[in-house]
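Engineer: sequence-free structure coming up:
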């Protein structure tokens, strides 16, 4: 029922988890229900109209995943948003997207990297669910999808300020989970990003917080069904903030990966990727 | 420029139009048309062409300026070009009518003294406006507070600044008063602090309240996790503890809404957790004797009332 979201690959990775994203045919008059972490999502297809209703639980660590159920009624008190289209298309696609702002995370314990050493830090960031409709491609051609019509966060993270002072800086999201030094099992709808922090300086480096330009990263799926972004590398050479370099692929720990969704922003045109990444203090 | 243009027209006319009284075009282009209708038509032509040229040139300059700078600069450039072209057209029309400009300028010289006294305020506003444009304490679209007026800046002109208040009133503030008074730009910085003053009873466990308020700040999506929320005792009041609860929020997305929501949540938290708020207490003593005094004190003070 659910395909892999990418058009070019077949769903060869028969991992232990079934992906909640991908394309699904919803006939007119049918409602389907998704549970993606804290997000409960009801999508109804009517003639040339799609209705989307959503609700969030209060638990940010909710990792329930339910896919395209047809036995969950939309609550009567929940008013849907109505999207009207010129033509009727019955193919709905859900795509996991990265956050629309950079995400700041703090290590669970103060991490100290001595001079000349490097370490990999993993962070889990919240994801957004993008909805688009279209029609099946004929004779092995990729599906023809219309531009996305709605986007919902699996959890609305709280915001934080990342900058030297209250005048210059960037508004970011604060990750609910702490940064870790092992990849670990990221449960629920979250995307893992690895950051290789290299201390090129003589002094020890204390990593206080890590801000990663998530909007400039893409989402990949590993063989297990977990989501990853490209690996990043942060070099420290004495300055309080260091630029992050985004690699071409997820880290080797992720194993073989397939591309699920592309980045929100163009990497070359945005100066943020170069200008800021991590705050250190000696 | 105007004189040269007229001269050029005259030369062209004399070369091309052999007989001035030949056709309607010749009449129109002749140096001194003898028909009043022709003169009127020519003036009309001047007005139309001048107006169109002013508009086109103005919008061209505006479009160019908006690419290079701010909306404010674009508006100023557009207006400057527009009025300059209109003024030039006016001069040309006067010349066409045969008015001696030198005489007019001489008269203007005498008039200037009188005008100078009369337009003192306008001149002051004009100069203030130029300073204001140079200093740029705000630009179009910012929310500013001047005196008692808070509103969004609609336009920054040479004589005044136009504001739209939040109850949708149009306010014109003269530049002179802007230069003299304190202006608060509410929307310049990307983040802003929400200041909440709370009054706690002395009976309340302050550590517990601090932990609850801190948790509220961390969980609320409107409140920023950094800069850190500040919770401190501001004053040991005579009958209650005065607390300042200072949290940060984004100034780009509905700051007043965020402030209202946070205050609402604090009120709910106090109610749910049964946190005792402080009230001013008055102890009344009477000279009736120790027993009565104790009874009155009990009745008045009692236990700190709890919001429940």
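Structural biologist: Nice, I can see it. Quick caveat, the model's predicted, so the values are computed rather than measured.

Engineer: within the helices and strands, which one has residue B:189?
Structural biologist: Under the assignment given by DSSP states H and E, residue B:189 is not contained in any helix or strand.

Engineer: one more: residue A:122?
Structural biologist: When secondary structure is defined using DSSP H and E, the element that contains residue A:122 is strand A:118-126.

Engineer: show me what that strand packs onto, helices and strands only.
Structural biologist: Taking 3 or more Cβ pairs under 8 Å, 6 or more residues apart in numbering or on different chains; DSSP states H and E as the contact definition, the neighbouring helices and strands of strand A:118-126 are strand A:103-105, strand A:111-113, strand A:190-199, strand A:205-212. Every residue, glycine included, has its C-beta placed from N, CA and C.

Engineer: after it, which helix or strand is next?
Structural biologist: Per DSSP H and E, the helix or strand that comes after strand A:118-126 is strand A:128-135.

Engineer: quick one on the thing from earlier: lowest average confidence across the helices and strands packed on strand A:118-126, which one?
Structural biologist: Lowest mean pLDDT of the helices and strands packed on strand A:118-126: strand A:205-212, a mean of 82.

Engineer: which positions within the strand or helix carrying residue B:208 qualify as buried?
Structural biologist: If you go by DSSP H and E, residue B:208 is part of helix B:206-219. Of the residues in helix B:206-219, those buried under the neighbour-count criterion (16 or more other Cβ atoms under 10 Å in any protein chain shown) are B:209-210, B:212-214, B:216-217.

Engineer: residues contacting residue 212?
Structural biologist: Answering for chain A, as no chain was given. Residues touching residue A:212, when contacts are defined by Cβ atoms under 8 Å, 6 or more residues apart in numbering or on different chains, comprise A:102-103, A:105, A:123, A:125, A:193, A:195, A:232, A:244, A:277.

Engineer: if you could check chain B rather than the one you did, that'd help
Structural biologist: B:269, B:273, B:275 are the contacts of residue B:212 under Cβ under 8 Å, 6+ apart.

Engineer: cool, and residue B:81?
Structural biologist: Applying Cβ under 8 Å, 6+ apart, one finds that residue B:81 lies in contact with B:54, B:57-58, B:61.

Engineer: whichever of those residues end up buried, select them in ChimeraX.
Structural biologist: Buried residues among the contacts of residue B:81 (16+ other Cβ under 10 Å), as a ChimeraX selection:
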select /B:54,58,61
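
Engineer: tell me, how many residues neighbour the residue nearest to residue A:155 when sequence neighbours are not counted?
Structural biologist: Counting by Cβ to Cβ, 6 or more residues apart in numbering or on different chains, residue A:38 is the residue found nearest to residue A:155 once chain neighbours are left out, at 4.7 Å. Other residues within reach of residue A:38 by the criterion other Cβ atoms under 10 Å in any protein chain shown amount to 22.

Engineer: quick check: residue A:38 vs residue A:176, distance?
Structural biologist: The gap separating residue A:38 from residue A:176 is 10 Å, by Cβ to Cβ, to the nearest Å.

Engineer: overlap in contacts, these two.
Structural biologist: Common contact partners of residue A:38 and residue A:176 (Cβ under 8 Å, 6+ apart): A:60, A:155.

Engineer: ok, residue 44 - contacts?
Structural biologist: By default, I'm working from chain A. A:30-32, A:50-53, A:74, A:80.

Engineer: near chain B, which residues of chain A show up?
Structural biologist: Residues of chain A that fall close to chain B, judged by Cβ under 8 Å from any Cβ of the partner chain: A:104, A:156-162, A:166-167, A:169, A:171, A:174.

Engineer: most neighbours, which of the residues you listed?
Structural biologist: Note: the member of these with the most neighbours is residue A:160, at 28 neighbours, neighbours being other Cβ under 10 Å.

Engineer: how about the helices in the chain?
Structural biologist: All of this refers to chain A. Defined through DSSP state H, the helices belonging to chain A, from first to last, are A:272-275.

Engineer: nope, chain B please
Structural biologist: Listed in chain order (using DSSP H), the helices of chain B are B:2-16, B:24-29, B:36-68, B:71-96, B:101-118, B:120-135, B:175-180, B:206-219, B:255-273, B:290-301.
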